[in-house]
Every structure is written in C-alpha cells, then in structure tokens.
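> this one's structure only:
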C-alpha cells in the first residue's frame, strides 16, 4: 500500500507541480575540452591518511595526471601542510619542469581555493575547474590513479 501511494505521488503531474523544491536548481553540464598538447590540462587530487614514512615522515601526497599523455606525477607532502606549502611544492616540482597548464581539474578542497593558490592560477593564466560534489567521475582519471596508488602503498 505504501509503495503504491509513493508511486502514485511520484507520477501524479498535479502532485509534482504542487510539490515545492527545496534544493538549488542544477547547473548546466559543461564539456571539458580534450587537451591538444602535454601538460595543457591536468587533474589534481590528494591522497591522505597514510602511515607516516620516509625520511621526512610524509603522510600524504599530491597526485597530478596529465590528461593528454596520462603521465602521472606524485609529490609527497604532509597532510598538515598549508595551501601555500603545497602550491610552492607544485610550482617547484611541476611548473619548473614544464610550462603551466591552461586548466586544472580538481575537487573542491579548501587548499585549492586558498588565496595563495588563487594567485598561482592568476600568475599562470590557468583556469581552475572544480567538479561537482559527490560526482568524482568528472575527475575519474585522477580518482582511478589515486585508488591505484593507495592500493600500492597500503
């Protein structure tokens, strides 16, 4: 009976029109253009919660994946590092070896939104694209690499 009532309410046009929406309207889907050159577009993610190890007791690392060549870069760091420290690490290890990317795709981590990171993006002329919360498939490339790296390390 309950299932029938629920089905009726969900398919009744009048009920749907009267039902108030309590959530923000979804935005339009946006296509992410395929890169034409190496390091033009990258995906970034963090792996955290690792057992500290190595000379400097690193407990996390930054994953960088070039969307053109699928080349993977991983930079060991500390989970406690500030956005500025991680931006400097990115600048010294990635930007110093290749030209800056046009677009960086990542999750909505507060460290990516810090003032220092914003200044780095402005200096490089890079666009930062955050993927939608709870839809990691947008960043599937980096998420899959992250999963593989976690399995190897643990």
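Looks like it came in fine. As the structure is a computational prediction, the values presented were derived from the model and not from experiment.
> Which parts of the protein are strands?
Secondary structure of the chain (DSSP state E): strands at 41-47, 60-66, 72-77, 103-106, 127-130.
> ok, residues contacting the worst-scoring helix or strand of the chain on mean pLDDT?
Here the helix or strand of the chain ranked lowest by mean pLDDT, DSSP states H and E is helix 13-18, holding a mean of 74. Outside of helix 13-18, the residues within contact range by CB atoms under 8 Å, 6 or more residues apart in numbering are 8, 9, 10. In this view, the C-beta of every residue, glycine as well, is placed from N, C-alpha and C.
> Pick out whichever of those residues sits closest to residue 149.
Residue 149 lies nearest to residue 10 out of the contacts of helix 13-18, by CB to CB, at 42.0 Å.
> in the sheet, who's paired with the closest residue to residue 85 other than its chain neighbours?
Closest residue to residue 85 apart from its sequence neighbours, by CB to CB, 6 or more residues apart in numbering: residue 77 at 7.3 Å. Judged by DSSP bridges, the bridge partners of residue 77 are residue 60.
> Give me the below-cutoff pLDDT ranges for this protein.
20-29, 132-139, 154 (pLDDT under 70).
> Now the residue nearest in space to the middle of it: closest residue in space that isn't a chain neighbour?
Central residue of the chain (CA atoms, centre = their mean): residue 106, 2.2 Å from the mean position. Once flanking residues are discounted, residue 106 sits nearest to residue 44: 4.5 Å by CB to CB, 6+ apart.
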